[in-house]
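Novice: A predicted structure for the sequence below; I have some questions about it.
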2 protein chains.
Amino acid sequence: MSKILSDIEIARMARLKPIQEIAQSMGLKEEALEVFGKYKAKLSYEIIEELKTKKDGKLILVTSINPTPAGEGKSTVTVGLGDALKQLGKNVVIALREPSLGPVMGIKGGACGGGYAQVVPMEDINLHFTGDLHAISAANNTLASLIDNHIQQGNRLKIDTRKILWKRAIDINDRALRHVVIGLGGKTNGIPREEHFEITAASEMMAIFCLADDLADLKKRISRTVIAYNIHNEPVTVKDLGVEGALTVLLRDAIKPNLVQTLEHTPAIVHGGPFANIAHGCNSIIATKTALKLADYVVTEAGFGADLGAEKFLDIKCQIGGILPNAVAIVATIRALKMHGGVELKDLHINNPKAVRKGFANLRKHVETIKQYQLPFVISLNHFVGDFKEEIEEFIRLCEYENMPFAITKVWEKGGQGGIELADQLLSVIHEAEEERTSYQPLYSLSDSIEVKLEKICKKVYGASCVELSINAKKQLKEIEEAGWGNFPVCIAKTQYSLSDDPSKLGRPEGFTISIRELKPSVGAGFVVAYAGQMLTMPGLPKYPAALNMDVNENGQIKGLF
Amino acid sequence: MSKILSDIEIARMARLKPIQEIAQSMGLKEEALEVFGKYKAKLSYEIIEELKTKKDGKLILVTSINPTPAGEGKSTVTVGLGDALKQLGKNVVIALREPSLGPVMGIKGGACGGGYAQVVPMEDINLHFTGDLHAISAANNTLASLIDNHIQQGNRLKIDTRKILWKRAIDINDRALRHVVIGLGGKTNGIPREEHFEITAASEMMAIFCLADDLADLKKRISRTVIAYNIHNEPVTVKDLGVEGALTVLLRDAIKPNLVQTLEHTPAIVHGGPFANIAHGCNSIIATKTALKLADYVVTEAGFGADLGAEKFLDIKCQIGGILPNAVAIVATIRALKMHGGVELKDLHINNPKAVRKGFANLRKHVETIKQYQLPFVISLNHFVGDFKEEIEEFIRLCEYENMPFAITKVWEKGGQGGIELADQLLSVIHEAEEERTSYQPLYSLSDSIEVKLEKICKKVYGASCVELSINAKKQLKEIEEAGWGNFPVCIAKTQYSLSDDPSKLGRPEGFTISIRELKPSVGAGFVVAYAGQMLTMPGLPKYPAALNMDVNENGQIKGLF
């Protein structure tokens, strides 16, 4: 057997097509592109406007069960599924999130897929790409500096320095910046106060960016963003500060969607990248909408399990953006099923069909969740080379017994060819729908109260028996409703490892309570964040960061990037 | 008379040529470029290697007298001079620094020149450009996070947390980050310690970047960088941490020089951007060397007055890079001469030939300085629309009386046409040199001791009568010499407003002492920073930041960017 190649080795062997050729295959003229090197481009404002009159394609969301720490290969399946649809002669565009640099240097790895199902050039995409995350960090921190400067220069708006909501952000895993004191050093160096850096992927600026409909809407959202309260406890906005123009200037280019390709030359739009546990976890609305205008089938993903990414995709992004999804692929792996069946991480390599059966309960819950959105689905078992035949047979038996459409995907190993079965199944569930119309229904209506929204998500999606708000959260709820933000969707910050708010509760926990300790209005983004437990908005680096393995030779060739 | 247009209005009216055409005019093939949109490109590693065998062109440095807070228009003259040389049929490339985003949002404005002597697209260059500064910030802060993480994870290297030299950086004017405490919040959130953010343009990572000869040299410099001392007071380097590879990976693309054009289609390489008062103030060595291979004449600038930018260019950059300059243009303005003649800023608009004569002393000192480097020079009076005839006549009288070659330049108003006289004069002083060879001599030899270097700069360039080291600086000097860094050049951090270290001493102060309060080895960059007075490495925002005037419409058209 030949040596297993690393992702970067496979990516480097690929013969990429010039990005103009990819654009041409989508019916785009060269003028529609702003190219970045040979293999990356941004789409111009003009083409995005021009496309608006076109009919939308069908939208397939890829989600997963609650993942192991290594992830279930959702991006890999998304890429492979896109390639498979292309092999079947479909006009397809993939829509992914942009990776954050923090985890790239830390532990998780990139977000370009893996094996033979990757978007490329993976080194560029995983590093600075077209600079979008840097621009978002710059806009975020320019605002933070303008706030502190406003206070320093006389504080005309009477901002209460103990009630500043806007935080600084950096696209790096940096635990030491979680809790800091700034403005020390005397009168000329600002006002001393507590500050907390977030990773850019968890910032409100990222959420605003991803939920904006166009540049004008982006400015409107930035403008209304509540940055602090004044000494009379009234909200202070970016508009009050008068800097919405400058901040939008900083995002003028970033907001244009990025076009790249897969190893099989399928077009991929990679744009926006919020985390799904502490933010809403989907790529940008502009990117998804543009992709839907450019293709008959769009494959996209939302971060972590269906309790987080898919719920937020279906309730927040689709409702804010007026986006109608058509079908869902739910990714599972034998490893994750065994973990939910009670097997410890160190024993996941051992053959254990019984644990697969036990852990299937977790998958079953996510299937039920997707059914509540009235969406057809196909389960995708993302096949790993180390999976045992008996385990896979057990999985198949369970799916067949419970009458769940499924496919075994081998896209990591085989690229699009390994996803043909999944693609076929998804096409057939979409075509079964009457006149091919989606029957999608969000879980809640925006006019529901915040409490009702929380109840619906926690009970129907997580399977909790009750939701408890802390005294603090109750007070905040009252303030939010009084301020007229009660019609915002809710974005719950919760662990990705369990359906509950306790990462150790694997499988399908029942009878648990979700405790909401804090509610925070993200007025610019247009949602209310509900914190279920102590969620970190700034990751740390591990004992052996991935950075230790990386190198580059004198010709710029990188190694050790996965 | 027609309305005076703003820089951005002039820039927007310009008909830019596709960057490929500009490259072609320099003899570069399309494969040599990595294009960023229609009007920006990076030059590939391959072409930079390929060019190394070619003969160097002539190098003209543009410097100035001690500036007013608004600056003397050095970049404008640099651009206009390049355009003028092109109009004279010369094969010319301009080499400039990249702007920092901090001052763009603050007060100073951009760094693309002005009026009809600009590099374009100015909006892009002044904002994120090709992302180089963001990449440098990311590399800087990834290292900072890796250092704190190393300590958190057991501190194998026994780093003394009270002696960490490496600071975090951000490309924003943010006074509240000058003095901070990080790592608060208990055991999982790092080790509490003092930290000081610098603006990226003042960071050692920027200096390393600009002084590297190629990617391999960049890695070598990063590798040897001293980040802290251990508990035995021994230096700890990036190599000890084992992350030089990852940090170089982050700079792999940034290190390629950026190609743009002037309004008159003269090629301009814009790359690297350290400040000149708190850093060494020149564009990258890679960019300058590449420009010299591509043109018969290269025009470049160094920040602030000749006491800062030119001194550092001639002693640090030229000695480290093995670069041989051929001539210097010294920019003066009537406004600055009057300021040095004792006129207050609010009265600079009043006709005052007498003050011009008095302030001429400042210019005279800078001329003497340049003569010490054995370089021919031409004084360039950067003409302003509000200058009075009598003032200009006085200036001309003084130059003629003192036998100083000079030219009145009107490049802001007329583009290259307004710089023909300056270009002609410079060509003639270059051609007067025997066999057109440069007679350039640095002020000091690298083998001089640090103290001798300090003495030479302070006495011969600033005109001080003596240099005083604080007790602390003396101790540091001893440590630096013991560590074997005594052969590094010296980079003095000093106010730009005066030849002395006191910004209120205008004109040509005499009999003053330069007090060095601290010496810091920048081992990666390869120089010793000497702090003359309390220099801020992180600027603040003013009462009315430029950000307040900026806006962008729904088509992405920016206004208020100067």
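Specialist: Received it, and whenever you're ready, just let me know what you need.
Novice: and residue A:257, what does it touch?
Specialist: Contact partners of residue A:257, counting by Cβ atoms under 8 Å, 6 or more residues apart in numbering or on different chains, are A:42, A:43, A:48, A:269, A:271, A:284, A:286, A:287, A:290, A:291. Every residue, glycine included, has its C-beta placed from N, CA and C.
Novice: Nearest to chain B, out of these: which one, please.
Specialist: Chain B has its nearest neighbour among the contacts of residue A:257 in residue A:42, at 7.9 Å by Cβ to the nearest Cβ.
Novice: from what I can see, that closest one looks like it's in a strand, true?
Specialist: Yes. Under DSSP: H, G, I helix; E, B strand; the rest coil, residue A:42 sits within a strand.
Novice: Counting neighbours, what do you get for it?
Specialist: 22 (other Cβ atoms under 10 Å in any protein chain shown).
Novice: Identify the bridge partners of it.
Specialist: When bridges are taken as DSSP bridges, the partners of residue A:42 come out as residue A:34, residue A:258.
Novice: That one contacts residue A:260, correct?
Specialist: No. In terms of Cβ atoms under 8 Å, residue A:42 does not count as a neighbour of residue A:260; the distance is 10.7 Å.
Novice: Please, which helix or strand holds residue A:519?
Specialist: Element membership of residue A:519, judged by DSSP states H and E, is strand A:513-522.
Novice: And the nearest residue to residue A:487 once chain neighbours are set aside, what's its pLDDT?
Specialist: Residue nearest to residue A:487 in three dimensions, not counting chain neighbours: residue A:446, with 5.1 Å by Cβ to Cβ, 6 or more residues apart in numbering or on different chains. With respect to pLDDT, residue A:446 scores 97.
Novice: From what I see, residue A:446 and residue A:319 are in contact.
Specialist: Yes. Counting by Cβ under 8 Å, residue A:446 does reach residue A:319; the two are 6.0 Å apart.
Novice: domains for chain A, by residue range?
Specialist: What automatic domain parsing lists as the domains of chain A is A:43-108+A:261-436, A:133-251, A:450-532.
Novice: Residue B:413: which of the ones you listed is closest?
Specialist: Nearest of the domains of chain A to residue B:413, taken as Cβ to Cβ: domain A:133-251 at 27.8 Å.
Novice: quick one: terminal-to-terminal distance for that closest one?
Specialist: Using Cα to Cα, to the nearest Å, the end-to-end distance of domain A:133-251 comes out at 10 Å.
Novice: how far does it sit from the chain's center?
Specialist: 22 Å (Cα atoms, centre = their mean, to the nearest Å).
Novice: In JSON lines, list the domains of chain A along with mean pLDDT and mean neighbour count.
Specialist: Converted to JSON lines, the domains of chain A look like this (pLDDT from 0 to 100; neighbours: other Cβ atoms under 10 Å in any protein chain shown):
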{"stretch": "domain A:43-108+A:261-436", "mean pLDDT": "96", "mean neighbour count": "22"}
{"stretch": "domain A:133-251", "mean pLDDT": "97", "mean neighbour count": "22"}
{"stretch": "domain A:450-532", "mean pLDDT": "96", "mean neighbour count": "20"}
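Novice: Make a markdown table from those and add distance to residue B:211 to it.
Specialist: What follows is these, written out as a markdown table (distance: least, Cβ to Cβ, whole Å):
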| stretch | distance to residue B:211 |
| --- | --- |
| domain A:43-108+A:261-436 | 25 |
| domain A:133-251 | 23 |
| domain A:450-532 | 41 |
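Novice: what's the particular helix or strand that has residue A:431 in it in contact with?
Specialist: Assigned by DSSP H and E, residue A:431 belongs to helix A:420-432. Helix A:420-432 is contacted from outside by A:58, A:60, A:77, A:80-81, A:84-85, A:87-88, A:90, A:326-327, A:329, A:376-378, A:380, A:405-409, A:436, using Cβ under 8 Å, 6+ apart.
Novice: just stretch A:449-456 next, same as before
Specialist: Contacts for stretch A:449-456 (Cβ under 8 Å, 6+ apart): A:443-444, A:448, A:467, A:469, A:477, A:480-481, A:486, A:488-490, A:492, A:514, A:516, A:519, A:528, A:530.
Novice: For residue A:106, which residues are in contact?
Specialist: A:173, A:539, A:540, A:541, A:542, A:545, A:546, A:547.
Novice: And the second one, how far from residue A:169?
Specialist: Read that as residue A:539. Counting by Cβ to Cβ, to the nearest Å, the gap from residue A:539 to residue A:169 is 13 Å.
Novice: likewise the last one?
Specialist: Shown here: residue A:547 relative to residue A:169, a distance of 20 Å by Cβ to Cβ.
Novice: do the same with the third one
Specialist: When distance is defined by Cβ to Cβ, residue A:540 is 16 Å away from residue A:169.
Novice: Then the fourth one?
Specialist: Distance of residue A:541 to residue A:169, computed by Cβ to Cβ: 17 Å.
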